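Trainee: what would the 3D arrangement of this be:
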Amino acid sequence: MARDNINDIQVFLAVARERSFTRAAATLGMSQSALSHIVRALEARMGVQLLARTTRSVAPTAAGQRLIDTVAPRFEEIEAEIAAISDLGGSPAGIIRITAIDHIIDSVLWPRLAHLLPQYPDLRIEINSDYRMHDIVAERFDIGVRYGDQVQQDMIAVRLTPDVRMAIVAAPDYWRGRRPPETIAELQRHNCITLRLAGGGLYAWELCEGGQPLDVRVTGQATFNSACQMLNAALYGVGLAFLSQEMVAPYLKDGRLVSVMDDYCPAFPALHAYYLSRRHTSRAFSLVIEALRYQG
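Mentor: Residues are numbered from 1 along each chain as shown. Predicted coordinates for the structure are as follows:
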C-alpha cells in the first residue's frame, strides 16, 4: 500500500503541476484515463478530494495543496540525492530544466551551455522560453534566470552578466519625416512596439528622468510577447523598441538601428541564475551553474 501511495502521489503531483490531465499524460507517457483512475483511487484511499475538476481546468483543493506543499519538496530532495549518488559512479548525468526569456536563452545561456552536451553525453538540458515569472519549485524547474531585482530572497543567485543597460531604438526608415523624441511626452506620440506580458497587460517602459524612475505607457501598431520579434519589427521600420543594449549593439554599430533618448534609459540589475540551495548536490547541476557563471 505504501509503495502504491508513493507512485500515485507522483502522478497526482504531475497533474497538479500541469493543471491538466492531458498535459500530465503526455509528460508521463500514460493515457489520460489511466491518470484519472489513479488519482481517484488515491483520493478514495485518503478519504479526501485532492483535485477540483471542471470541464476546462484542474486545480488542487486545500487538501491537495497541502499535499503538494509538504510532499513535493521531499520527493525533490530524494531525486537530488539519487542524482548525486549516481554522479559518484561516472560522468555527470541527469536532466537540468531552466526557464528564461527568449533572447537571454539565445545570447547568454545557449552559447555557454552548448559545448557541455558533446562532452557529457549523459547530461540533458531542457530550456523553457517564457516571460511569466515561474515558481521554479512548484513547476519543477532547476534554474530560473531573471534580473537581480526579480529574484526571491530565499533563492541562491549566481550572477550571469554585468548590469544590463537599455536602449530605445528604431530603424533609419522610421525616422523619415519624423522628428526623434527628446521628452517623455514626445515619445508617447510615436509608434512604439509594445510587449504583451503573460498576465495580459502591456509592459510599461521602465525609464528614468532626472534620476527618478518612471513607468511610461506607450502605444503602437505592433505588439509581441517576445523581445526577438520586437527587434525584428524595429529593423523593419515599424516603430521604436525598448530593448537591451547587448541585444541591439550589432545593429547600432552597422547603422540598421539608431538610438534615441539615451539619458532616459537606465541600467537594470545584472541577470542572475537562481535556485534552491539543496540543488547544489548534483554534479550535473554544478556543471551547468559553473558554465553559466559570469567570468568578467
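
Trainee: which ones are touching the residue lying closest to residue 93 once chain neighbours are set aside?
Mentor: Excluding the flanking residues, the one nearest residue 93 by CB to CB, 6 or more residues apart in numbering is residue 122, at 3.5 Å. Bear in mind the C-beta positions are built from the backbone N, C-alpha and C, glycine included. Going by CB atoms under 8 Å, 6 or more residues apart in numbering, residue 122 touches 90-94.

Trainee: what about the closest residue to residue 269 other than its chain neighbours, distance to residue 164?
Mentor: Spatial nearest neighbour of residue 269, excluding adjacent residues (CB to CB, 6+ apart): residue 148 at 3.4 Å. Taking CB to CB, to the nearest Å as the measure, residue 148 falls 9 Å from residue 164.

Trainee: give the residues shared as contacts by the two.
Mentor: By CB under 8 Å, 6+ apart, the residues touching both residue 148 and residue 164 are 269-271.

Trainee: save those residues as CSV, and put in pLDDT, distance to residue 178 and neighbour count too.
Mentor: Listed next are these as CSV, based on pLDDT from 0 to 100; distance: CB to CB, whole Å; neighbours: other CB atoms under 10 Å:
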residue, pLDDT, distance to residue 178, neighbour count
269, 85, 33, 15
270, 89, 34, 17
271, 89, 33, 29
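
Trainee: let me know the closest of these to residue 170.
Mentor: residue 271 (25.0 Å; CB to CB).

Trainee: can you map out the helices along the stretch 1-150 of the chain?
Mentor: Applying DSSP state H, counting those that start in this stretch to the stretch 1-150 of the chain gives helices spanning 2-18, 21-28, 32-46, 62-87, 102-104, 110-113, 116-119.

Trainee: looking at those, spot the one closest to residue 220.
Mentor: Using CB to CB, the helices of the stretch 1-150 of the chain put helix 102-104 closest to residue 220, at 19.3 Å.

Trainee: how long is stretch 226-244 end to end?
Mentor: End-to-end distance of stretch 226-244 (CA to CA, to the nearest Å): 13 Å.

Trainee: list the buried residues of it.
Mentor: Neighbour counts over stretch 226-244 (16 or more other CB atoms under 10 Å) mark 227-231, 233-235, 238-244 as buried.

Trainee: farthest pair within the residues you listed?
Mentor: 238 and 244 (18.6 Å).

Trainee: on that earlier part again, ok, which of the helices of the stretch 1-150 of the chain comes nearest residue 284?
Mentor: Of the helices of the stretch 1-150 of the chain, nearest to residue 284 by CB to CB is helix 62-87, at 6.8 Å.
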